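> mind folding the following:
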Amino acid sequence: MIEFVKSAIKKEDYPLHNLNEVVVIGRSNVGKSSFINSCFARKIANVGKTPGKTRLLNFFNVDNLFMLVDVPGYGYAKLSNDELLKFGDMMESYFNDNQRLKLAILIVDIRHKPSQDDLDMIEFLKYYNIKTLVIANKFDKLKKSEINQKIETIKESLMINIEDLLTYSCLNNYNQDKVYDKILNVVNKN
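As a prediction, this is how the structure comes out:
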């Protein structure tokens, strides 16, 4: 069972808990909210027609096993410079010295080569030595003949190992069990 716990901006407002954390990140229009709803089989994240609706850190308790954290998407959201700076500070504060954060799930669109923002994010995660699982979302929108080439492009662009990459479809929950197993494998190690 997954339950919404709290939304927060500053560290002092984060929920008090003793669970390991898994953060979900990606571009504003990549399907983060749809992925969360699909993967955890419950509508908890708000899916909007306009990218960039998530403006806070949203904490969800997953079966008392781990805390899932949905963060604002990057890229397409229409924000002022002041808002962008606040978002940057909020994200830096969350990632910096977070002992509970055990896994980052980076959502990318399998149909497109990772953007510069995606490349910057993977470098950021590597810099902070955060274990990362890349989800190549929208798998159902590809022809079978395109799949291997698209996977290879993502793997090479982000410079990741194939075991750190899973294809996913929110339409039919393709690889839902594999994603959940990988999450549990990481959070249960620590």
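> got the buried residues for the helix or strand of the chain with the lowest mean pLDDT?
Least confident element among the helices and strands of the chain, by mean pLDDT, DSSP states H and E: helix 81-95 (a mean of 77). Within helix 81-95, the residues scored as buried using 16 or more other C-beta atoms under 10 Å are Phe87, Met90, Met91, Tyr94, Phe95. (C-beta placed from N, C-alpha, C; glycine too.)
> got those residues as a markdown table, with distance to Tyr14 columns?
Listed next are the buried residues of helix 81-95 as a markdown table, based on distance: C-beta to C-beta, whole Å:
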| residue | distance to Tyr14 |
| --- | --- |
| Phe87 | 16 |
| Met90 | 11 |
| Met91 | 13 |
| Tyr94 | 8 |
| Phe95 | 13 |
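> which pair in these spans the largest distance?
Phe87 and Phe95 (12.5 Å; C-beta to C-beta).
> what angle do the helix or strand that the least confident helix or strand of the chain is followed by and helix 81-95 make?
Following helix 81-95 in sequence order, the next helix or strand is strand 101-109 (DSSP states H and E). With axes from the mean of the first three to the mean of the last three C-alpha atoms, to 10 degrees applied, the angle from strand 101-109 to helix 81-95 works out at 130 degrees.
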